[in-house]
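Student: pasting the structure only:
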């Protein structure tokens, strides 16, 4: 039993270097973002967060493709996410905009951080119970991507220095709420790049890649915004479909009861039954 436990934890037999090295690079990017924010280099800090998110998705993908997933890697990845996608974006958005709002500003930044940490803890607990291909609540890398892309778009449009707008404050509160909510989001983990796909799928991916290369600041912000909105919209659509199906079921039951009444024996309807 002890030997089996040692094999499961993945430590006694060593760790896989490649996926954990990529995870470490994600941690470095998160730390660099914090350092850049401290010196007022908000644009560089936002770019570092985007790099951290890309590396975060890459390490898990490589681990699954090479079948090198371990419990150690999962736990290490979550700890890195707290720093790279939690602390770094919270510190960045606070220094860039939220500090001008006083108490409401640092509360928003801390709420983002703690909701992100709670989201990661819940994910680790529910990893085997949540529907396959779905996330329960907004993933913290998606929230971090939105924060970073918002700042990159600001500088792309000619902004400079810090920024103050109530929309930024409200968006951070919304992100925090969505992370700890039960709103369902697609995980895209079922996408298999080595699997055969229709020809049109390749064309779509090439077109999106060209747009991303041509206008990265705009497209990253657009993609992250659409993904964030897709969760609540999907929940609304599912609720409307469920309500519609319930109405159809109720209508069918009423029709069935009506047919039973129409097919009743006239003598029984008049009380002239047997005996």
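Tutor: Yes, it's here. As the structure is a prediction and not an experimental result, all values here were calculated from the model.
Student: can you give me the strands in this structure?
Tutor: Using DSSP state E, the strands of the chain run over 134-136, 184-186.
Student: low-scoring stretches of the chain, by residue?
Tutor: Of all residues in the chain, those with pLDDT under 70 make up the ranges 1-14, 128-131, 189-195, 257-275.
Student: redo that, cut-off 80
Tutor: By pLDDT under 80, the weakly predicted segments of the chain are 1-16, 64-65, 69, 127-133, 159-163, 187-202, 246-275.
Student: For residue 177, which residues are in contact?
Tutor: The neighbours of residue 177, taking C-beta atoms under 8 Å, 6 or more residues apart in numbering as the test, are residue 115. No exception for glycine: its C-beta is placed from N, CA and C like everyone else's.
Student: Residue 106 versus that one, what's the distance?
Tutor: Residue 177 is 18 Å from residue 106, where distance means C-beta to C-beta, to the nearest Å.
Student: One more: residue 132?
Tutor: In this view, residue 132 and residue 106 are 38 Å apart by C-beta to C-beta.
Student: For stretch 33-41, which residues meet the burial criterion?
Tutor: Within stretch 33-41, the residues that qualify as buried are 33-34, 36-37, counting by 16 or more other C-beta atoms under 10 Å.
Student: got the contact list for that stretch?
Tutor: Residues from elsewhere that reach stretch 33-41, judged by C-beta under 8 Å, 6+ apart: 42, 44-46, 48-49, 52, 84, 87-89, 91-92, 95-96.
Student: just the buried members of those residues?
Tutor: Using 16+ other C-beta under 10 Å as the burial test, the contacts of stretch 33-41 include 42, 45-46, 48-49, 52, 84, 87-89, 91-92, 95-96 as buried.
Student: As a markdown table, those with distance to residue 58 would be great.
Tutor: As requested, the buried ones among the contacts of stretch 33-41 are arranged in a markdown table below (distance: C-beta to C-beta, whole Å):
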| residue | distance to residue 58 |
| --- | --- |
| 42 | 25 |
| 45 | 20 |
| 46 | 19 |
| 48 | 15 |
| 49 | 15 |
| 52 | 11 |
| 84 | 13 |
| 87 | 21 |
| 88 | 18 |
| 89 | 19 |
| 91 | 23 |
| 92 | 22 |
| 95 | 27 |
| 96 | 26 |
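Student: Show me the residues you listed that map onto helices.
Tutor: 42, 45-46, 48-49, 52, 88-89, 91-92, 95-96 (DSSP state H).
Student: Mind picking the one among the residues you listed that's closest to residue 144?
Tutor: When these are compared for distance to residue 144 (C-beta to C-beta), residue 89 wins out at 4.4 Å.
Student: wait, what's in contact with that closest one?
Tutor: 33, 49, 112, 143-144, 147-148.
Student: Same check on residue 92?
Tutor: The contact partners of residue 92, taken as C-beta under 8 Å, 6+ apart, are 33-34, 37, 42, 45-46, 49, 147-148, 151.
Student: what's the most distant pair in these?
Tutor: Across the contacts of residue 92, no pair lies farther apart than 34 and 151, at 14.2 Å, counting by C-beta to C-beta.
Student: so residue 182 makes contact with residue 134?
Tutor: No - contact criterion C-beta atoms under 8 Å: residue 182 and residue 134 do not qualify, at 10.8 Å.
Student: The two: which has the busier surroundings?
Tutor: With neighbours defined as other C-beta atoms under 10 Å, residue 182 and residue 134 compare such that residue 134 has more, 13 against 9.
Student: Look up the closest residue to that one, ignoring the ones flanking it.
Tutor: Spatial nearest neighbour of residue 134, excluding adjacent residues (C-beta to C-beta, 6 or more residues apart in numbering): residue 184 at 5.1 Å.
Student: Since that was my last question, I'll sign off now.
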